[in-house]
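[1] Sequence unavailable; structure follows:
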């Protein structure tokens, strides 16, 4: 090649930055005189903007992993870094503050308070903030609007369908604009039609609003709506055989 010949540089794709990084994470419990190893030297990277489904049989460690990611439990070994923060190193007060700001939880059974309206249920996470009553109300109503329930703000859970209750649960999870959404069987208590509507909503939160979502599910139909699926077995991430 002559000195006058330009060199063609092919641009390389820039990978999405890692939002969640687990390195060598283990979790053991004492049961009687026996040590039970629930997670075994687990490594996991979740890029920002991912929608990850975790599948696996009961007892595979999925729920334990979610509890560690949400700062509800602590690992026995290894490191957990989320958004640049080593959450396994945080003290209890700092971990509680971090969890309230950065994690939104969506549960299978909704966990709504039956005596409160949809609006007040959504507002609950904001009680840990310094927002005024008026600002909390504004944010709660905005979250309900995002999930399509503006007209149900004053209704109590007993006045809502299961799908609507789960939408309230999602509104509550996103009202603080968290870094990550952790979903534990979010469609497990719903029929297929209502479940599909919830999955559509989760996809929209991921694709249109950039939310990073990690979802535990037993349902291949639900997992298929995620961007990727990982499988767990006996405390490890495993490669599923191709059929």
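    Done, it's in. It should be emphasised that the depicted structure is a prediction, and the values quoted were computed from it without experimental measurement.

[2] For the rest of this, base every contact and every neighbour count on C-alpha atoms.
    OK.

[3] pLDDT weak spots in the protein?
    1-16, 239-243 (pLDDT under 70).

[4] Distance check, residue 143 against residue 100.
    16 Å (Cα to Cα, to the nearest Å).

[5] Check residue 151 too.
    Residue 151 is 27 Å from residue 100, by Cα to Cα.

[6] Of these two, which one has the most company?
    residue 100 (18 against 10; other Cα atoms under 10 Å).

[7] show me the residues around that one that make contact.
    125, 128 (Cα atoms under 8 Å, 6 or more residues apart in numbering).

[8] mind checking how far whatever helix or strand it lives in is from the chain centre?
    Assigned by DSSP states H and E, residue 100 belongs to helix 92-102. Centroid separation between helix 92-102 and its chain, computed with Cα atoms, centre = their mean, to the nearest Å, is 15 Å.

[9] after it comes which helix or strand?
    strand 103-106.

[10] in its sheet, what does that next one sit against?
    Next to strand 103-106 in the sheet, as set by DSSP bridges, lie strand 180-184 (parallel).

[11] between the strand it pairs with and helix 92-102, what angle do the directions make?
    90 degrees (axes from the mean of the first three to the mean of the last three Cα atoms, to 10 degrees).

[12] Beyond strand 180-184, next helix or strand please.
    Next element after strand 180-184 (DSSP H and E): helix 192-207.

[13] other SSEs contacting that following helix?
    helix 162-174 (3 or more Cα pairs under 8 Å, 6 or more residues apart in numbering; DSSP states H and E).

[14] can you give me the angle the helix it packs on makes with strand 180-184?
    150 degrees.

[15] what's in contact with helix 162-174?
    103-107, 110-112, 118, 121-125, 140, 143-144, 146-149, 157, 181, 186, 189-190, 194-195, 197-198.

[16] circling back to that earlier point, buried residues, the helix holding residue 100. List them.
    95, 98, 99, 100, 101, 102 (16 or more other Cα atoms under 10 Å).

[17] With stretch 65-74 instead?
    Across stretch 65-74, burial judged by 16+ other Cα under 10 Å covers 65, 66, 68, 69, 70, 71, 74.

[18] okay, those in TSV with secondary structure and distance to residue 42 next?
    Below are the buried residues of stretch 65-74 laid out as TSV (DSSP: H, G, I helix; E, B strand; the rest coil; distance: Cα to Cα, whole Å):
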residue	secondary structure	distance to residue 42
65	helix	9
66	helix	13
68	helix	12
69	helix	13
70	coil	16
71	coil	16
74	coil	14
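
[19] Let me know how buried residue 135 is, in neighbour terms.
    Neighbour tally, residue 135, other Cα under 10 Å: 13.

[20] so who does the most centrally placed residue in the chain touch?
    Residue closest to the mean C-alpha point of the chain, counted by Cα atoms, centre = their mean, is residue 182 at 1.7 Å. Applying Cα under 8 Å, 6+ apart, we find residue 182 in contact with 66, 70, 103, 104, 105, 106, 213, 214, 215.
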